[in-house]
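1. model the structure of this input:
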Amino acid sequence: MRARLLLIGAALAAFGASLGSGFHFDDYAIFSDPILTAASGWKSLWSLTRTRPLTYLTFWLNYQVGGQDPLGYHCLNLLLHLGVVLLAFECLRRLLPERAALVAAAIFAVHPLQAESVDYVWGRSIVLAALLCLAALWSWIEGRYWLAVVCFAAALLAKEEVAAFPLALLLLDRKHRAQIAAMLGLSAAAGARVLYALSATPGAPAGAQAGISPGSYLLAQGAVILRYLRLTVVPYGFTIDPDIRVPALWIGLAAWVAVLAMAFYAWRRKWLWLLAGLILLLPSSSVFPAADLAADRRMYLPLLAFSAAAALWLVRVKPPAAVAVAAVLLAVSVTRTAIWMNDESLWREAVRRAPGKIRPRIQLARSLRAADALDVLAAARRIAPQDPRVPTEIGRILLAQGQPDAALSEFGYALAADPHDARNFNNRGVALGMLGQTAAARADFEHALQLDPGLTEARENLRKITGAP
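-> Predicted coordinates for the structure are as follows:
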C-alpha cells in the first residue's frame, strides 16, 4: 500500500496543478462538435459511434456534468493518469523484480513527457487507451486471454494509436496465437475505420489530407523517434509545437539506420522492454502521415516500456541513483505543468523553441491583447510573407476591433495566397457583410460551401445574411 500511495503522491505532485489550468489549442474544438453539445439522451450517445467514440463519450459526460468548466475535464484527465500508474505498477510487479517495478512505475508517473497527455485535455485519448491496454495486459497475466482481447478492443475505441500493442504483447507470450491474431485483426479494422473517417472529414489533420506524403512522413520519423528517446533520457527541450521538418534523404535514412540498429541490438541482447517501446511507437511513426510530425503525447504508452528498461538498469546501481532520477523528473514535470497553465506561457515557449515556425506565433497572438497580437503577427509576416494564415489572423483581429475595411484587405491577401481554402472566402464574406455589401458577402459564403459543404461557419453566415430560418 505504501508504494501505491507513493506513486499517487508523486503523480499528483507532478501534474496536480493542472486542475487550475484552462483549455488549449485543439481543446476548443471539443465544443464545436454538435454531438457533444447536443441535448442529453440516448440519441446523442448513439451519435458517438465514430472514430475514438470512448474518448468522445468522456467529453460528452464532462459536458453534461460541468458544461465548459475546465476543472472537470482536467480532473478526469488526472484521475485517468493515476489509474494508469496504479495499473502499470500492478502489471510490472508481476513481470519485474519488485524494486524495478516500483522505479519503472515512478518514472512513468512523473516523467515530463507525460505532461502533454495529462495537462492537455485533448491528450486524454491516449491516456484512456493506455488504461485499457494495461487492463488487457493485466487480464493476460491473470490468464484471461479473451478478456484481454475485449479490453484491447475498447482501447482502440479510445485511440487507434495503440494498434501495435499486440506485437509488444507477443514478446511476452507467443503461445496464445489465436488471441494475438484476434487483436491484430482488431488493429487492422481500427486502421480501416480511421482511414474511412479521415477521407470523409474535410480538413482532417492526418491521412491523405495531412499535407505530407507517406514517404516524406516516414523519412522524418527516424529523427522523431531519436528525439523521443533523447527527451526520455535528457528531459529538456519540450514544446507543444516542435520545429521538425522532413530531412534530407541521407539524414532521414541515417536516422532510421540508427533506430533499426538499436532495435536489432535490443533483440540480440534480449532487452525486450526497449524493443517493446520501439514497437509501440510504430503506429504513429510509420507511413500513415499526420500533419504534426511529432507530438510528445505519442510517447505516453511507449514510455511505460522505456521506463521498465531504464528501471532494470537503475536498480543495478546504488539506490540513491533511482531516487535522484525520479526527483529530477518530478521537478521538470512541475515546471512543465506550470507552462501548461495558460495559453500565453505555452505558446511563448513554443515560439522560443521554434522561432522560424508560424503556427506558434499565430497561437500566441490569440492569447494576447490586440496591439501585442498584431506585433507578433507582423513578425510572423516578415518570416513568411506568403503564408495565408498570417493575414487571416490579422483580419480576424481587425474585425474584432471594428475595422472591417482593413480586415477585408487582409482577407484578400489570404485569398490570393490560397484561393482553394473555403475559410478564406467565408472570412472575406464576413468582412463584406459588415461593410454592407450583402450580395458580395452572399456570393462568398456560397462559394465557400461549394468548396467545403461541411463548413458550418459559412452555412450559418449564409443563413443569417439571407434571413433563412
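2. low-confidence ranges, the stretch 151-300 of the chain, go.
-> Within the stretch 151-300 of the chain, the stretches with pLDDT under 70 are 198-210.
3. what does the host helix or strand of residue 361 rub up against?
-> Following DSSP states H and E, one finds residue 361 within helix 358-365. Identification of contacts with helix 358-365 by CB atoms under 8 Å, 6 or more residues apart in numbering yields 25, 240-241, 343-344, 347-348, 350-351, 354, 372-374, 376-377, 379-380, 383-384, 387, 389-390, 393, 397. C-beta here means a position set from N, CA and C on the backbone, and glycine is covered the same way.
4. got the angle between the helix or strand following that helix and helix 358-365?
-> Downstream of helix 358-365, the next assigned helix or strand under DSSP H and E is helix 370-383. Interaxial angle, helix 370-383 versus helix 358-365 (axes from the mean of the first three to the mean of the last three CA atoms, to 10 degrees): 170 degrees.
5. can you give me the buried ones in helix 370-383?
-> 373, 374, 376, 377, 380, 381 (16 or more other CB atoms under 10 Å).
6. now do stretch 395-409
-> 395, 396, 397, 398, 399, 403, 404, 406, 407, 408.
7. what's next to that stretch, contact-wise?
-> For stretch 395-409, contacts defined as CB under 8 Å, 6+ apart pick out 365, 370, 373-374, 377, 394, 410-411, 414, 427-428, 430-432, 434-435.
8. tell me the mean pLDDT for it?
-> For stretch 395-409, mean pLDDT rounds to 94.
9. regarding that stretch, how distant is the last residue from the first?
-> Stretch 395-409 has its terminal residues 8 Å apart, counting by CA to CA, to the nearest Å.
10. again with stretch 137-156
-> Start-to-end, stretch 137-156 (CA to CA) is 14 Å.
11. in it, which residues are buried?
-> 137-140, 145, 147-156.
12. contact partners of that stretch?
-> Contacts of stretch 137-156 (CB under 8 Å, 6+ apart): 54, 87, 90-91, 94-95, 128-133, 135-136, 162-163, 165-166, 169, 172-173, 176, 179, 182-183, 186-187, 190.
13. now, among the buried residues of helix 370-383, which is nearest to residue 298?
-> Taking CB to CB as the measure, residue 298 lies nearest residue 380 of the buried residues of helix 370-383, at 26.9 Å.
14. how near is the nearest residue to the closest one once chain neighbours are set aside to residue 438?
-> Spatial nearest neighbour of residue 380, chain neighbours left out: residue 361 (4.2 Å); criterion: CB to CB, 6 or more residues apart in numbering. Separation of residue 361 from residue 438 (CB to CB, to the nearest Å): 34 Å.
15. ok, residue 316 next?
-> For residue 316, the distance to residue 438 equals 76 Å [CB to CB].
16. so those two - more neighbours on which side?
-> residue 438 (13 against 9; other CB atoms under 10 Å).
17. residues near residue 353, how many?
-> 16.
18. report the spatially nearest residue to it, omitting neighbours in sequence.
-> Using CB to CB, 6+ apart and skipping residues adjacent in sequence, the residue nearest residue 353 is residue 239, 4.0 Å away.
19. does that neighbour touch residue 348 like I think?
-> No: applying CB atoms under 8 Å, one finds residue 239 not in contact with residue 348, separated by 10.4 Å.
20. compare these two (neighbour count), which wins?
-> residue 239 (20 against 17).
21. can you add pLDDT and distance to residue 250 and give the buried residues of helix 370-383 back as CSV?
-> CSV is the format used below for those (pLDDT from 0 to 100; distance: CB to CB, whole Å):
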residue, pLDDT, distance to residue 250
373, 96, 41
374, 96, 42
376, 96, 36
377, 96, 37
380, 96, 32
381, 95, 34
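22. go through those and say which is closest to residue 458.
-> Ranked by distance to residue 458 (CB to CB), those are led by residue 377 at 23.7 Å.
23. start to end distance for stretch 15-30?
-> By CA to CA, the extent of stretch 15-30 from end to end equals 22 Å.
24. what's in contact with it?
-> 36, 59, 63, 70-71, 73-75, 77-78, 81, 114-115, 118-122, 240, 333-334, 337-338, 340-343, 346, 363.
25. would you mind listing which of the residues you listed are buried?
-> Among the contacts of stretch 15-30, those classed as buried by 16+ other CB under 10 Å are 36, 59, 63, 70, 73-74, 77-78, 81, 114-115, 118-122, 240, 333-334, 337, 340-341, 343, 346, 363.
26. among the residues you listed, which are located in helices?
-> 59, 63, 70, 73-74, 77-78, 81, 115, 118, 333-334, 337, 343, 346, 363 (DSSP state H).
27. got the domain ranges for this structure?
-> 2-345, 356-466 (automatic domain parsing).
28. report the distance from the strand or helix carrying residue 131 to the chain centre.
-> Using DSSP H and E, the element containing residue 131 is helix 124-141. When distances are taken as CA atoms, centre = their mean, to the nearest Å, helix 124-141 is centred 17 Å away from the chain's centroid.
29. report the distance from the helix or strand just after that helix to the chain centre.
-> Downstream of helix 124-141, the first helix or strand assigned by DSSP H and E is helix 145-158. Here the centre of helix 145-158 is set off from its chain's centre by 21 Å, with CA atoms, centre = their mean.
30. pretty sure residue 293 contacts residue 224?
-> Yes: here residue 293 lies in contact with residue 224, judged by CB under 8 Å, at a distance of 5.9 Å.
31. re earlier: as a markdown table, the buried residues of helix 370-383 with distance to residue 2 would be great.
-> As requested, the buried residues of helix 370-383 are exported to a markdown table (distance: CB to CB, whole Å):
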| residue | distance to residue 2 |
| --- | --- |
| 373 | 50 |
| 374 | 55 |
| 376 | 50 |
| 377 | 53 |
| 380 | 52 |
| 381 | 57 |
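32. hmm, back to that, in the ones in helices among the buried ones among the contacts of stretch 15-30, find the pair that's most separated.
-> Counting by CB to CB, the most remote pair of these is 63 and 334, 29.5 Å apart.
33. so for residue 315, what's the pLDDT?
-> Reported pLDDT at residue 315 in the predicted model: 85.
34. count of residues packed around it?
-> Around residue 315 there are 20 residues (other CB under 10 Å).
35. likewise residue 460?
-> 12.
36. helix or strand: which one has it?
-> With DSSP H and E as criterion, residue 460 is part of helix 456-466.
37. now do the buried residues in that helix.
-> Here helix 456-466 shows 457, 458, 459, 461, 462, 465 as buried, counting by 16+ other CB under 10 Å.
38. what's the answer for stretch 343-359, then?
-> Within stretch 343-359, the residues that qualify as buried are 343, 346, 347, 348, 349, 350, 351, 353, 354, 357, 358, 359, counting by 16+ other CB under 10 Å.
39. correct me if wrong: the third one contacts residue 367.
-> Going back to what we said before, that points to residue 347. Yes: under the criterion of CB under 8 Å, residue 347 makes contact with residue 367 at 6.2 Å.
40. what score does the residue lying closest to residue 80 once chain neighbours are set aside have for pLDDT?
-> The shortest distance from residue 80 to any non-neighbouring residue, by CB to CB, 6+ apart, is to residue 127 (4.6 Å). In this model, residue 127 is scored at 98, pLDDT.
41. now the common contact residues for residue 293 and residue 224.
-> Taking CB under 8 Å, 6+ apart as the contact criterion, the common neighbours of residue 293 and residue 224 are residue 244.
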